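# coords please:
(one chain, ligands or ions: 1)
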Amino acid sequence: MKDSNDRLLQVENLKKYFPLRSGVFSRTHGYVRAVDGVSFDIGRRRTLGLVGESGCGKTTLARALVRLWEPTSGEVVFDGVSIRDLNTREMRRIRRNMQIIFQDPFSSLNPRMTVGAIVGEPLAIHRVAKRRERLDIVRGLLEKVGLSGGHVNSYPHEFSGGQRQRICIARAIALRPKLIVCDEPVSALDVSVQSQILNLLRDLQDDYGLSYLFISHDLRVVEHMSDEIAVMYLGRIVEMAGGDAISENPLHPYTRALFSAVPVPDPSSRRKVIVLGGDVPSPISPPPGCHFHPRCPEKMGVCEQKYPPLKDAGGGHEVACFLY
Ligand code: SF4
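Below is the predicted model of the structure:
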C-alpha cells in the first residue's frame, strides 16, 4: 500500500458523460459514457501507462483529469489538493504542475507563433522572469529537448514531426511541472523517431523527477515506458498492475488478447494470437453485465447479468473479471 505522501495523483470514481440532445428543445435523451467510474493513483516519479483500443475513453480521461473537460463526477486529488471545485485562478496555479502533451504535434502548435513564443508562452502567462531572461530560459529548454537554442525565431512549419513534438515537450516542461499527461505522444510519428522521443521523456523524468500518465493504444510503447499499467475497455479500467506483472501474466481475457497481438522478435515463437470477434460496443448503450461479454471467449452465465468489480487477484494485481 502506497503512503499518501508518495501519491502525486489520486483519481477516485471519475466519470465523464456527454449528453445526447435532439429536438427543438434540445432534450437530453441519453449519454455517451466515455469515462465511467475510473480510479487509480500515480506515485511521484512514476509512470502509469494507460492502454486500450481507440474510442475506449483514454483521451477523455486525460482531458477530464486536468479539467480541460469538466468531469461529470468523481474526485481528483493532485499533490494533496482536491481540484474538483477549484476556481479558474486556483486551477491555473495547479496547472503549472500539471501539463499535457497532445498526440498531434502538427495541430497543437500555433503556426503563426515563433518557437520562442510558443515555448515561452507558459512562462509569460505565469510571469516567470523578465522578457530577456525568458528568452534565455527558452533557449535552454530547446537545448534540453535536443534542438538548437538558435531555433527561437523559427516557425513550426520549418520542423519535422519529431522536432515539433520536441517543441511541445519543451513547452510542457517550461514550468517544471510535477505531472505530465502524455496523450499518445508518439502515435503520429515515424517508428524511427518514436524511440528518440520516448528516450527523451525518460531522461526528462530522471532529470526533473516527473510523473507521467502515459496514454497509448500501442502496448509495446506502454510496456517500455511504464512502472504500472492500466488497461481500459469501454470507459472502465479492467486490469491494473505493475508493468512486469501485467505483461508476464495478463489475467483479463481482453488484456490477454491485446498482448497476444504484440509482435515478438523471435521467428521460432509459437505464441497464439487471440482474435476477438466483433467491434467495441457503443458507449451510448454498453452491453449489460460485463461490457466485454459479447467478445469474450471465456464468457459465463453470470457475465451477462452483473458487472465484475475491480478486485485484487493477489500481489496488488487488480482485475475486473468473474474468472478470478
Ligand atoms: Fe469474460 Fe466474464 Fe471475465 Fe467479462 S467477466 S471478461 S465476460 S469471463
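# mind listing the helices in the stretch 151-300 of the chain by residue range?
161-173, 191-208, 219-225, 243-248, 253-260 (DSSP state H, counting those that start in this stretch).
# off-centre distance for the shortest one?
Just to be clear, that refers to helix 243-248. 18 Å (C-alpha atoms, centre = their mean, to the nearest Å).
# what's that helix in contact with?
49, 222-223, 226-229, 231, 239-240, 255, 259, 315-317 (C-beta atoms under 8 Å, 6 or more residues apart in numbering). In short, each C-beta sits where N, CA and C put it, glycine included.
# any chance of the helices of the stretch 151-300 of the chain in JSON lines, plus distance to the ligand, mean neighbour count and mean pLDDT?
Output for those, formatted as JSON lines (distance: least, C-beta to the nearest ligand atom, whole Å; neighbours: other C-beta atoms under 10 Å; pLDDT from 0 to 100):
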{"stretch": "helix 161-173", "distance to the ligand": "36", "mean neighbour count": "23", "mean pLDDT": "94"}
{"stretch": "helix 191-208", "distance to the ligand": "31", "mean neighbour count": "15", "mean pLDDT": "93"}
{"stretch": "helix 219-225", "distance to the ligand": "18", "mean neighbour count": "19", "mean pLDDT": "91"}
{"stretch": "helix 243-248", "distance to the ligand": "15", "mean neighbour count": "18", "mean pLDDT": "88"}
{"stretch": "helix 253-260", "distance to the ligand": "5", "mean neighbour count": "21", "mean pLDDT": "92"}
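# what's around Gly74, how many residues?
The number of residues packed around Gly74, counting by other C-beta atoms under 10 Å, is 18.
# in which helix or strand would I find it?
Assigned by DSSP states H and E, Gly74 belongs to strand 73-78.
# helices and strands around that strand, which ones?
strand 7-22 (3 or more C-beta pairs under 8 Å, 6 or more residues apart in numbering; DSSP states H and E).
# in the strand it packs on, what counts as buried?
Arg7, Leu8, Leu9, Gln10, Val11, Leu14, Lys15, Lys16, Tyr17, Phe18 (16 or more other C-beta atoms under 10 Å).
# got the CA coordinates for the strand holding Gly74 in PDB?
Output of strand 73-78 as PDB, limited to C-alpha atoms (Å, rounded to 0.1, in the frame of the first residue of the first chain):
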ATOM      1  CA  SER A  73     -18.500  13.300 -11.100                       C
ATOM      2  CA  GLY A  74     -15.700  11.800  -9.100                       C
ATOM      3  CA  GLU A  75     -12.600  13.100  -7.300                       C
ATOM      4  CA  VAL A  76      -9.200  14.100  -8.500                       C
ATOM      5  CA  VAL A  77      -6.600  14.900  -5.800                       C
ATOM      6  CA  PHE A  78      -3.300  16.400  -7.100                       C
END
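# related to what we said a few turns ago, the ligand: which of the buried residues of strand 7-22 is nearest?
Closest approach to the ligand among the buried residues of strand 7-22 (C-beta to the nearest ligand atom): Lys15, at 20.6 Å.
# wait, doesn't the closest one sit right on Glu75?
No - using C-beta atoms under 8 Å as the test, Lys15 is too far from Glu75 to be in contact (10.6 Å).
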